[in-house]
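> Output the structure for:
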Amino acid sequence: MAVARDAVRGTGAALLATALLLGAAGCSDGDGPSDAASRAAEVVASATAEVQKKVDGFKDAADAKKDVRLGDVTRDDGRATVPVTVTNGASSTRSYLVVVTFRDQGGNRLDSVALRVDRVGAGRSKKATARSHRSLDGDVEATLDRALRH
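Got it, this is the predicted structure:
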């Protein structure tokens, strides 16, 4: 399914980049770099699997990226958050699945989240917030990877 492929494309590269970054940076808690890289890879893989599961469960969906806008990334207890606004231009109530990826300044995937925005009325907008699964360091950008409507 094209939607599923697009939602997880780049995961292998993200896992490799995360492992390389952590391996090069070392670890401050006494664990070896390979242990830290392994844990980071597991976190990214888990988040990606969760996103994939939500995409797979969102049946009979149409592309809706044009209906979704992201605001500016902020922090909440170290976690990256971004406001999401969904505007339903259809003539009936629709539900949306929005996939947001948090990236570092180099474009490396740090985390991905799938956010459901249910029952958006015809011609109306609804706000939600996408929040990373874990604390993210440094400058973080949010990208809209996927938006589906049904």
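> Tell me the helix or strand right after the helix or strand hosting residue 84.
Here residue 84, judged by DSSP states H and E, is contained in strand 79-87. For strand 79-87, the following helix or strand on the C-terminal side (DSSP H and E) is strand 94-104.
> list the contacts for residue 123?
Going by C-beta atoms under 8 Å, 6 or more residues apart in numbering, residue 123 touches 88-89, 91. To be clear about C-beta, it is placed using only N, CA and C from the backbone, and glycine gets the same treatment.
> Secondary structure of it: a strand, I assume?
No. According to DSSP: H, G, I helix; E, B strand; the rest coil, residue 123 belongs to no strand; its state is coil.
> how near is residue 131 to residue 80?
From residue 131 over to residue 80 the distance is 7 Å, taken as C-beta to C-beta, to the nearest Å.
> For those two, work out which one has more neighbours and name it.
residue 80 (25 against 16; other C-beta atoms under 10 Å).
> quick one, what contacts the more buried one?
73-74, 102, 110-111, 131-132, 136, 140, 142 are the contacts of residue 80 under C-beta under 8 Å, 6+ apart.
> Check the contact between residue 131 and residue 81; I expect there is one.
Yes. Taking contacts as C-beta atoms under 8 Å, residue 131 lies within contact range of residue 81: 4.8 Å.
> doesn't residue 146 make contact with residue 99?
Yes. Residue 99 lies in contact with residue 146 (C-beta under 8 Å); the separation is 3.8 Å.
> tell me the strands in the protein, going along the chain?
Secondary structure of the chain (DSSP state E): strands at 62-63, 68-70, 74-76, 79-87, 94-104, 109-120, 125-135, 140-149.
> Report the mean confidence score over the strand holding residue 84.
Averaging pLDDT along strand 79-87 gives 98.
> Would you quantify the distance from residue 99 to residue 81?
For residue 99, the distance to residue 81 equals 15 Å [C-beta to C-beta].
> So these two - more neighbours on which side?
residue 99 (25 against 21).
> partner residues bridging that one?
Residues in a beta bridge with residue 99, per DSSP bridges, are residue 114, residue 146.
> Now do the contacts for residue 131.
76, 79-81, 113.
> ok, the residues you listed vs residue 63, which is closest?
residue 113 (18.7 Å; C-beta to C-beta).
> okay but the closest one is in contact with residue 128, surely?
No. Here residue 113 does not reach residue 128: they are 10.8 Å apart, not a contact under C-beta under 8 Å.
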